[in-house]
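Undergrad: When you get a sec, could you give me coordinates for this:
(3 chains)
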Amino acid sequence: MATSSIDLALNRLRETRAWKSIFRRGPARTNRTRSLAIFGNIFLHLMPVKVREQSLRARATYYLGSFSFLLFLLLTVTGILLMLYYHPAVPQAYLDMKDLRFVVSNGVFLRNLHRVGAHAMVIAVFWHMFHVFYRGGYRPPHEFNWVVGVVLMLLTLFLSYTGYLLPWDQLAFWAITVGTNIISAEPVLGHDVRFLLLGGNLVGENALLRFYVLHCVILPLVAAMFIAVHFWRIQKDGGLTLRDDHEREGHERQD
Amino acid sequence: MTAEEMGKVSKRLRATFAIASVAFVAVLAVSPVKDYFQEWKRHEKDYVRYAQTRPDTKHLLADFHSGIDQIWLPDMKVVDRCTTCHQGITQASLGDSSVPQPFRAHPVIPHPVKEWGCVVCHRGQGPATEVAEAHETTLAWEQPILPTKYIQASCGSCHRGDIPQTPQLNRGRQLLSELNCAGCHRMQEIQRPAMLGPDLSNVGNKVTREWIYKWLKEPHIVVDASGNTVVDGYQTEEEPRMPQFRLTDQEITALSAYLSSLKSHPFESYKFDPRVLASLEKRPDLAELGQERFRQMFCTTCHSLAVTRGDETKLIGGDIGPELTKVASKVNPDWLITWLRDPQSYLSHALMPRYQWSDEDLYKVTQYINEKLTDPDLLSNVPQLETPTPEDIQLGQRLFLEKGCGSCHVIEGVSPQKDFGPDLSSLGGKNVSQLEFGSAKFPRNIVSYIQAKITDPLSVNTAARMPQYRLTPADLDAITTALLSMTGNPSSSGLERLIVPRPRPGFRAAGAFGEVYERYKCYVCHRFNGYGGTLAPDLSFEGSRARRQWTIDFMKNPQTLRPTLIFRMPQFNMTDQEAATIADYLGMASQSQFVNVAGGNLKQFAPEMAAMGKQLYEVKYQCQACHTIGSSGGYVGPNLSNAGNWLNASWIEQWLKNPQALVPGAIEPRRTFTSEEIQALTAYVLTLKQSGQPKAAISGAAVTGGAK
Amino acid sequence: MSDKTNYEAGFGSNALKDPQRVVFITPKTSAKVKGDVGKKVMSYPNLLLREAIALEVMVIALVILSLFWDAPLEQLANPLLTPNPAKAPWYFLGLQELLHYFPPVVAGILIPALVIMALVFIPYFNVNIKGEPFWAANRTRRFLIFLVITASLLLFLVIFEAWSVIAPTVAIAILAFVSYFARVGGPRPAEFLRTRPISWWVMTWFIAVAVTLTLVGTFFRGPGWSWVWPWR
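TA: Predicted coordinates:
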């Protein structure tokens, strides 16, 4: 049978020295090896080894936290590909958009996917937050993780906002101009903050470079750290608290 | 539940994962497939297929390279990928109109496609590789392809001066200048014309209030008693410079009241010599005498009159000055005399020369104008106008400013608003989203916008102040072209370097000649060093051509024996001194570097040479086909009967060697004379002298008549 | 406390001498102490498989969207050419809409700062940890307070003519008003509203306002931030 031959080949592979050097555990057929699969992996060890069955149900969370994180991954991948075609310079940035549209293979698709993903992430993060709130997920002992979540929400907005300028078209330029003008309405430090953000008094080449660095380096790194903390704390705060059948109390589920 | 069950996954979940994975891979494959079927790739395949049907397949395919084809002009910041689809654009064999687009070749132009790309002239989105994006207005590109009808606009974006290849653009610029669009609008490279609307500070002395009323009501239509449409007296093809303003009867009453009250410089009626009056007043044929003098002075070189022959009425005469068929119904007779004696004292930039009048001539001519050039019915439909009230006058003055009259007309003590209309200096490069269409119902593009604004200023903005112009469709297109050429300052330094500036008129005569030059307005008809009118010959090298004494004689009594010419130099009645000033100046300043006048004059020619020249003239080269000597010969070239007195020897020699070097575009054919033949012909021409008084017919108004 | 004779009954609290523990259960104790709910499964493969499916479904959806919808690209940025209206990214259009009504300091700085502060500090005030319904106790007093606060809020908004804030506020206020009169064991929607805690009402009001402002700012604002209908 085909399945058994695949299994056989897989088993042979697992017996090789190279495989064993990478995955120390054997095949995940026992609870012990399954546990090892999670906490033996640097990325997966942020997750709990066991989860409550209830918290896996779609209605418990709608997987909103998962989607937020997966969108972050998708945007990282598409974003890095887009960086290969992009110069943060005026007006080359705009010409790069034209090249993506007209010359680069699948360039339109790549840009569309990044743009759609960005909108989707903002929506997913907001939805996630409201959902958690309605489920009471901000209550002790999750209060710190809630604050981390609020920070992540702000980071998401800022990521989206800094990315908005990069095409350097009219839409981008004026959206950023309008947005930064709101900042300068703040009486004490408004103008200074705006100056710091734009690297000048107007949205120009300096602003483009700053937004580019923020969007591609600083904010993703900061967000990744906060995401790690966010995940870690779910486990440390006792996992997702769940709806109790007797009481109408909601709980959050996060990844 | 056993412990191991904790690790089991339901079959349903496994199945879901399997289906999702398949769909995942399938969906990711869509975009590469879509990419493979892009428009430009299809066009390239079509081109290869088409090339195989052509006789020169090999040659066509040798030049073909698949992939994106791009012309990059980094200086101009232009990326031009049009040739990706327009593959045959430089293939001479694909120029035929039967070749399907997008493969047809471009007609040969001074700017080769491979060096300049397409979008510099045709607009459109150069980097685009999709048909709609490249040619049309989209969100990302609001400069669509310029309709071919207006393509000369693109020439004008760089060539700020007129070039002969762009007649439509040149006509448009001329119209913008003539209609004084620059009076209200700021425009690129369009100067205010020398002839603005008349200064109205004193208009109350010149015309009656009734005439002003009629004019304001229908500047382009003044209907005579028989219902004929006439302009300022008679129907012309030309529009009057003044457009029609949308004025109510009340506003016209007020404006006419205000204008007729303007009498800032009262003038004294000219007192004719009583002896002249006494001798002429009683003559019954006074008007006929005046008409004769009017003709002799060649007033019709600049002014036209309506002449009826049979059923047909035509305007005969020039269009430099106003048409005069019914002028006496318009102007005050005393004002007319003052004007004729010194036009510039009434209107400082008037183009009319200041003639030297004898009382006799002046009286005759003004009597002729007052009696014959009039139409009592002209103002018959003007309503009875009451004596102007101060309120009327005040309202009139306000209207004068509000309606923008001050942009063309000057009134002393009234300062008009600056930049009355919108700035048009970058109109041609505006994006559609920058134009206000209001609720107008025409296509949203710049050509429709410009044409709608001009043909009906109210179509876009019901509060528009712009008056109504009446343009023929050809003129409308010309103006549209000129406006489209004004794309503002170039966006990149590379484009800036391409700008060919409009040549500045550099010639202004000074000194004694300058006074004469201004007084007789020589530049209205003649061109000096690239500046001046084109009606009469270019005089830049006149000093090399004509002899001093001939010039003086000609100035005193300009006559031409070119019977085919309608426009002739008027008789100015110059003094001897003025004529000498002109001749001296031309002899000094208007010299060609090719002609050594002093050397030529010293030359002596033997009579045998002249005889040989005569032989060549009459037999070998048959010059009489075009030139007249005495009473026989052709009329194409100038009359040579008096050429010996008229032309310098060295000019004749140079002319025979290469006429076009002296006068570009001269129609005299360039012959390959031997130098001996040139010597002989020169010797012969110099023997051609007419004796007798200068008042008699003297030959040769214009050698460069050849240029006309 | 170590003196045995000083007490007669109760529990010792010295853990060294008397290894007994006392648990004080207060209403503020976290839900965690209630113990685990339901059975557990291994994250590998149960959770991981679901995450993988989630990723695939999400990518499929986004890919299909991006095949049919093109990311907008307008003309090259031109500081001299201000579009009318110039709009911020959609998630800031709520703020921009607020700016239309209130002074910049209030709409651009004060309100967003307050919202973020509130979000950060909510969990540190253990208000109503049990999630008791708003109308469960002190009904009359709470109703009066509700009426006064709602009325003054609406008055404030009317002064600034902030119609796109007033509309959702009025809608939520009506729901809250109705829920006050709902009887126990009524129809399901009424029962649902009746049992909502105050935090639910505040959050719902906030979301309603935010969504309304964003929608209005995105679709209903034209030149000069005037009202336009998106279908015209």
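
Undergrad: how close does C:Pro112 sit to C:Val105?
TA: 11 Å (CB to CB, to the nearest Å). (C-beta placed from N, C-alpha, C; glycine too.)

Undergrad: Output the lowest mean pLDDT helix or strand found in chain B.
TA: The helix or strand with the lowest mean pLDDT-type score in chain B, counting by mean pLDDT, DSSP states H and E, is strand B:222-223 (a mean of 50).

Undergrad: quick one: buried residues of stretch C:132-147?
TA: By neighbour count with 16 or more other CB atoms under 10 Å in any protein chain shown, stretch C:132-147 contains the buried residues C:133-135, C:143, C:146.

Undergrad: Select from these every entry located in helices.
TA: Applying DSSP state H to the buried residues of stretch C:132-147, the entries found in helices are C:143, C:146.

Undergrad: could you redo the buried residues of stretch C:132-147 as a markdown table and give each row pLDDT?
TA: Putting these into a markdown table (pLDDT from 0 to 100) gives the following:
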| residue | pLDDT |
| --- | --- |
| C:Pro133 | 81 |
| C:Phe134 | 83 |
| C:Trp135 | 82 |
| C:Phe143 | 89 |
| C:Phe146 | 91 |
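
Undergrad: Tabulate the buried residues of stretch C:132-147 in TSV, adding columns for distance to B:Lys521.
TA: Formatted as TSV, those follow (distance: CB to CB, whole Å):
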residue	distance to B:Lys521
C:Pro133	100
C:Phe134	96
C:Trp135	99
C:Phe143	96
C:Phe146	92
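
Undergrad: and residue 44, what are its phi and psi?
TA: Assuming you mean chain A. Here the main-chain torsion angles of A:Leu44 (degrees, to the nearest 10) amount to phi -80, psi -20.

Undergrad: To clarify, I was referring to chain C.
TA: Main-chain torsions, C:Tyr44, degrees, to the nearest 10: phi -100, psi 120.

Undergrad: does the helix or strand of chain C with the lowest mean pLDDT come close to chain A?
TA: Within chain C, judged by mean pLDDT, DSSP H and E, the helix or strand with the poorest mean is helix C:104; its value is a mean of 82. Yes. For helix C:104, a contact with chain A is found by CB under 8 Å from any CB of the partner chain, at C:Pro104.

Undergrad: quick one: pLDDT of the residue nearest to the spatial centre of chain A?
TA: Of all residues in chain A, the one closest to the mean position by CA atoms, centre = their mean is A:Phe72, 2.5 Å from it. Model confidence at A:Phe72, given as pLDDT, is 97.

Undergrad: so where does it fall, helix or strand?
TA: Using DSSP states H and E, A:Phe72 sits in helix A:64-83.

Undergrad: Are the very next helix or strand once past that helix and chain B in contact anywhere?
TA: Past helix A:64-83, further along toward the C-terminus, the next helix or strand under DSSP H and E is helix A:92-102. Yes. Residues of helix A:92-102 are located near chain B by CB under 8 Å from any CB, namely A:95, A:98-99, A:101-102.

Undergrad: so which of these is the most crowded?
TA: Using other CB atoms under 10 Å in any protein chain shown as the neighbour test, the residues of helix A:92-102 next to chain B are led by A:Lys98, with 25 neighbours.

Undergrad: which one is it nearest to, not counting chain neighbours?
TA: Nearest-residue entry for A:Lys98: B:Pro127, 4.2 Å, with adjacent residues in sequence omitted and distances by CB to CB, 6 or more residues apart in numbering or on different chains.

Undergrad: so what's residue 85 up against?
TA: Picking chain A for this. With contacts defined as CB atoms under 8 Å, 6 or more residues apart in numbering or on different chains, the neighbours of A:Tyr85 are A:96, A:99-100, A:104, A:107.

Undergrad: let's do chain B instead
TA: For B:Cys85, counting by CB under 8 Å, 6+ apart, the contacting residues are B:39-40, B:43-44, B:102, B:129, B:131.

Undergrad: how about low-confidence regions in chain C?
TA: Of all residues in chain C, those with pLDDT under 70 make up the ranges C:1-37, C:126-129.

Undergrad: do you know how far the residue most central in space within it is from chain A?
TA: The residue lying closest to the centre of chain C (CA atoms, centre = their mean) is C:Met203, at 3.2 Å. As defined by CB to the nearest CB, to the nearest Å, C:Met203 lies at a distance of 5 Å from chain A.

Undergrad: and what of B:Gln367?
TA: Noted for B:Gln367: a distance of 71 Å to chain A, by CB to the nearest CB.

Undergrad: And C:Tyr44, by the same measure?
TA: C:Tyr44 sits at a distance of 4 Å from chain A (criterion: CB to the nearest CB).

Undergrad: B:Ser304 too?
TA: Between B:Ser304 and chain A the computed distance is 55 Å (CB to the nearest CB).

Undergrad: So that residue sits against B:Lys314, correct?
TA: No. At 9.2 Å, B:Ser304 does not count as touching B:Lys314 under the criterion of CB atoms under 8 Å.

Undergrad: neighbour count winner among these two?
TA: Counted by other CB under 10 Å, B:Ser304 and B:Lys314 do not tie: B:Ser304 has more neighbours, with 23 against 12.

Undergrad: List the residues that contact the nearest residue to that one once chain neighbours are set aside.
TA: By the measure of CB to CB, 6+ apart, the closest residue to B:Ser304 outside its immediate chain neighbours is B:Gly317, 3.1 Å from it. With contacts defined as CB under 8 Å, 6+ apart, the neighbours of B:Gly317 are B:299-305, B:323, B:566.

Undergrad: do that again at 10 Å, thanks
TA: Residues counted as contacts of B:Gly317 (CB atoms under 10 Å, 6 or more residues apart in numbering or on different chains) are B:298-307, B:323-325, B:566-567.

Undergrad: By neighbours, which of these wins?
TA: Scoring those on neighbours with other CB under 10 Å, the highest-scoring entry is B:Thr325 at 26 neighbours.

Undergrad: Next, work out how far apart B:Asn202 and B:Arg545 are.
TA: Counting by CB to CB - B:Asn202 and B:Arg545 are separated by 43 Å.

Undergrad: more neighbours, these two?
TA: It is B:Arg545, of B:Asn202 and B:Arg545, that has more neighbours when counted by other CB under 10 Å, with 29 against 20.

Undergrad: That one reaches B:Thr551, doesn't it?
TA: Yes. With contacts counted by CB atoms under 10 Å, B:Arg545 reaches B:Thr551, the gap being 9.5 Å.

Undergrad: shared neighbours, these two?
TA: The contact lists of B:Arg545 and B:Thr551 share B:586, B:646, where a contact means CB under 10 Å, 6+ apart.

Undergrad: sorry, back to before: tell me if the residue nearest to the centre of chain C really is in a helix.
TA: Yes. Note on C:Met203: a helix contains this position according to DSSP: H, G, I helix; E, B strand; the rest coil.

Undergrad: circling back: now, which of the buried residues of stretch C:132-147 lie close to chain A?
TA: Among the buried residues of stretch C:132-147, the residues within reach of chain A (CB under 10 Å from any CB of the partner chain) are C:Pro133.

Undergrad: Now tabulate the buried residues of stretch C:132-147 in JSON lines and tack on distance to chain B.
TA: As requested, the buried residues of stretch C:132-147 are exported to JSON lines (distance: CB to the nearest CB, whole Å):
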{"residue": "C:Pro133", "distance to chain B": "37"}
{"residue": "C:Phe134", "distance to chain B": "41"}
{"residue": "C:Trp135", "distance to chain B": "42"}
{"residue": "C:Phe143", "distance to chain B": "50"}
{"residue": "C:Phe146", "distance to chain B": "47"}
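
Undergrad: nearest to A:Pro88, of the buried residues of stretch C:132-147?
TA: Out of the buried residues of stretch C:132-147, the one with the shortest distance to A:Pro88 is C:Phe134. That distance is 51.5 Å, counting by CB to CB.

Undergrad: For that closest one, which non-adjacent residue is spatially closest?
TA: Counting by CB to CB, 6+ apart, C:Phe134 lies nearest to C:Ile198, which is 4.6 Å off, once chain neighbours are set aside.

Undergrad: Correct me if wrong: the one you found contacts C:Ala137.
TA: No. The pair C:Ile198 and C:Ala137 fails to qualify as a contact (CB under 10 Å) at a distance of 11.5 Å.
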